[in-house]
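# Sharing a model that was predicted from the sequence below.
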Amino acid sequence: MKKVKIDLLKGDITEQDTDAIINTANNLLILGSGLGGAIKAKGGDKIAEECSRHGAVNIGDAVITTAGGLKSKYIIHAALMEFDSPIIDENISLSLLNSLRVANKRSLKSISIPDMSVGITRFPPEICANIIFTVIKNFIEEENTSLELIEIVLWDIETLHIYRNIYKVIFKQDD
């Protein structure tokens, strides 16, 4: 298994300078509110135009665009849900796995992943963290990846603590 560094940090994912950041998207790739809205506001309309040209995707798909004016090079839009619909855990798993595969296909070295349970998704962070770390662990173990750094970027300290505790369990690490 390749050694991939996994960092957990509190911050704004739109400010990360990794090769790519993941956007929790709807299947229409509309950058409306939440993270998508922040990406459009900070990165510019070019990102939304690229998404619009791509068109609708299936739930679980991942689409890469440029990052406009953001520090990262790319945005990988992970289609978690249909527009204005709730998500289920399988959608998080599949869209994250496909996002990691897109990053790998582009030979990216680093990626930032948001808390995929915030905003309109309203998914419990404990469950989301478990899903995210399980997908990452399996991906690293099963696929020959170009990734060297995976950042999990969280908005608040409370969620960061939840993710750290679950990380320790999934990756069997002590304090």
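Okay, I see it.

# So for the helix or strand hosting K168, what gets flagged as buried?
Element membership of K168, judged by DSSP states H and E, is helix 157-170. By neighbour count on 16 or more other Cβ atoms under 10 Å, the buried set for helix 157-170 is 159-160, 162-163, 166-167, 170. To be clear about C-beta, it is placed using only N, CA and C from the backbone, and glycine gets the same treatment.

# The nearest residue to A20 once chain neighbours are set aside: neighbour count?
Sequence neighbours aside, Y74 is the residue nearest to A20 in space, at 4.1 Å (criterion: Cβ to Cβ, 6 or more residues apart in numbering). For Y74, the neighbour count with other Cβ atoms under 10 Å is 20.

# And Y74, how far from N165?
30 Å (Cβ to Cβ, to the nearest Å).

# Hmm, C128 and I92 touching each other?
Yes. If you go by Cβ atoms under 8 Å, I92 and C128 touch, sitting 6.3 Å apart.

# overlap in contacts of these two?
M116 (Cβ atoms under 8 Å, 6 or more residues apart in numbering).

# Show me where the protein dips below the pLDDT cut-off.
Within the chain, the segments meeting pLDDT under 70 span 1, 83-89, 118-122, 174-175.

# all strands of it, in order?
Assigned by DSSP state E, the chain shows strands spanning 5-10, 20-26, 62-66, 74-81, 110-114, 149-154.

# Thank you kindly, that will do.
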